[in-house]
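Colleague: curious how this folds, go ahead:
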Amino acid sequence: MNFTVLVHEDEDGGYWGECLELPGCVSQGESLDEMDRNIREAIELVLEVKAEDGEDLQSLMPTEPVFGDDPRVRRWVIQVALPQPSSV
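Modeller: Residues are numbered from 1 along each chain as shown. Prediction:
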């Protein structure tokens, strides 16, 4: 499943990202690569919790963000596999 991440350049250095389809799912990193790894991990963890809680992950809807003029904000699309339902 694809998730939209807004990547922000921090004024003090580094980057932070927020996943639009999963409000509150944010992460940061000193480099874009580190932020990418961290936000992917954060998305995967949120999805695992939602799956454990019995939420329908297929119903997550992509979001079309509205962009301003800030060149320090980038839009990334990250593909993450949905967790498999447990057979317990």
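Colleague: all helices of this structure, in order?
Modeller: 32-52 (DSSP state H).
Colleague: pLDDT averaged over stretch 12-30 - what is it?
Modeller: For stretch 12-30, the mean pLDDT works out to 93.
Colleague: what residues sit buried inside that stretch?
Modeller: Neighbour counts over stretch 12-30 (16 or more other CB atoms under 10 Å) mark 15-19, 21-22, 25-27, 29 as buried. The way it works is simple: take the backbone N, C-alpha and C, and place the C-beta from them, glycine included.
Colleague: give me the beta-bridge partners of the closest residue in space to Asp10 that isn't next to it in sequence?
Modeller: The shortest distance from Asp10 to any non-neighbouring residue, by CB to CB, 6 or more residues apart in numbering, is to Trp16 (6.0 Å). Beta-bridge partners recorded for Trp16 (DSSP bridges): His8, Gln28.
Colleague: for stretch 36-56, buried residues please.
Modeller: 36, 38-40, 42-43, 46-47, 50-51.
Colleague: could those residues go into CSV alongside distance to Asp10?
Modeller: Converted to CSV, these look like this (distance: CB to CB, whole Å):
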residue, distance to Asp10
Asp36, 15
Asn38, 13
Ile39, 14
Arg40, 19
Ala42, 17
Ile43, 20
Val46, 22
Leu47, 26
Lys50, 28
Ala51, 31
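Colleague: wait, which of the residues you listed is closest to Phe3?
Modeller: Ile43 (5.7 Å; CB to CB).
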